[in-house]
Every structure is written in structure tokens, then in C-alpha cells.
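Chemist: Just to be clear, the model below is a prediction. Sequence and coordinates:
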Amino acid sequence: MSSGTERVSADAGGATLHDEPVDVTVVESDLVYSGRVWDVRSDTFRYGDADLVRQYVAHPGAAAIVAVDAEQRVLLIQQYRHPIRHRDWEIPAGLLDVVGEPPLETARRELAEEVDLVASDWSPLVSIFTTPGGNDEVVHLFLARGLGPAAEKHAREAEEADIRSEWIPLQDAVTGVLEGRLRNGILATGVLAAAERLRRGDA
């Protein structure tokens, strides 16, 4: 016998499901740690009949780019990420750390700064919560096409100084995700969404 929750979901149909904002009463919000890029906060909030305490990373958000060329190849970059002690494969991305800058403009800037490219054709792909139980980060992903070299090359430093870039067939990137060889969450979301978008002919 189905549960009440299952019956509601079945009756509603998957096409109608959506994330729902909730306006809770925040009783207290403390800055636990102020970092160079993001902060850690501790909130006490009322949920139902209880006051709950949760700590989380307060994140500015980011924009990421799935750059696909005329041969249906996607641009991947590899760089060192200290928390995971890996040089993982990613897609170009950057923080929304310029006040008032729309995510699309951040994406344009990061494509030029990270891989020295510009694009003539941009379309929103998806927006995702990366770790909703631990931070409030939202990443806006864009599909970039009509690619060409940027007017100038950008100097890169720190972990970006030895960035490696590779153009690979989009379907090979999808396979890499499904086989567990490419584990970056934003890359996985981006290449899977782009492959489906292009399959549907929506782009």
C-alpha cells in the first residue's frame, strides 16, 4: 500500500515538482568565522514548534561555463583543490564576488580570465544548490558557443598557475562522469545538462 506522500507525488506528476522557499523566523545569527572567500555562520531558527541550531558556510555563489565548440567538444580544466587533495577536472567557473555583477557577466569574465576565450552565443543551462545541508551556495551554469580567442591573455597565479585544459568530445565527458572518473559536481551537472539540451535541440 502506498504512503500518503507517495500518493501526493504520483497525483501531482513529476512535471510540477519544484523547490519551495520557506520563510523561517531566525531567532539569532552569529558570525562564527570570517574568511577570505566565505564565512561560517551559526543560526538559531524556529521550525515547527522547536528552535533549531545549524552552522553553515555563507557563500557568495558562482557562475560556471560549459564551453562547447563546433565539433561538439567541451573544454575541461584541471587544477589543484586543497580540501580534496586532488587535481580534479572541472569546467571554467568563478565566484560572484563583484558587487552588482549579474551571473552571466561573471561567466563571461571567468571564461576570459581562466582560459582566454570569449563566446558569441550564451544561454542559461541550469542553476544548482551545491551542498544545501552545509552551505547556501548557488551556482549558475551557462552554455557557451561561438568560441574564439580573447583579445588578451590573462596572467594566472596560485593554483591557477598550472591549469591544464583539454578539449574532449562532450559524450566522452558524459561517459567519464557516469564511470566515476570525473567527480566534480559542477562539471557533472554541466556536461549532463548540456548533452541533454543539445540532444533535444534546445540550444
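Modeler: Looks like it came in fine.
Chemist: how about the helices in the chain?
Modeler: 4-12, 103-115, 170-178, 185-200 (DSSP state H).
Chemist: Between helix 170-178 and the longest one, find me the angle.
Modeler: The directions of helix 185-200 and helix 170-178 differ by 140 degrees, with axes from the mean of the first three to the mean of the last three C-alpha atoms, to 10 degrees as the criterion.
Chemist: counting contacts, what elements does helix 185-200 pack onto?
Modeler: For helix 185-200, the elements it packs on are strand 62-67, strand 73-81, strand 86-90, strand 117-129, strand 138-149, helix 170-178, judged by 3 or more C-beta pairs under 8 Å, 6 or more residues apart in numbering; DSSP states H and E. For every residue, glycine as well, the C-beta is placed using N, CA and C.
Chemist: quick one, which of the ones you listed is packed in tightest?
Modeler: Highest mean neighbour count of these: strand 62-67, a mean of 26 (counted as mean count of other C-beta atoms under 10 Å).
Chemist: quick one on the thing from earlier: for the helices of the chain, which one ends up most surrounded?
Modeler: Counting by mean count of other C-beta under 10 Å, the most buried of the helices of the chain turns out to be helix 103-115, with a mean of 20.
Chemist: Export that helix to CSV, keeping only CA atoms.
Modeler: The C-alpha coordinates for helix 103-115 follow below in CSV (Å, rounded to 0.1, in the frame of the first residue of the first chain):
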residue,chain,number,x,y,z
PRO,A,103,25.9,35.8,-13.1
LEU,A,104,26.2,36.0,-17.0
GLU,A,105,28.7,38.8,-16.8
THR,A,106,30.7,36.8,-14.2
ALA,A,107,30.6,33.8,-16.6
ARG,A,108,31.9,36.0,-19.5
ARG,A,109,34.7,37.3,-17.3
GLU,A,110,35.7,34.0,-15.9
LEU,A,111,35.9,32.4,-19.4
ALA,A,112,38.3,35.1,-20.5
GLU,A,113,40.3,35.0,-17.3
GLU,A,114,40.6,31.3,-16.8
VAL,A,115,41.0,30.0,-20.4
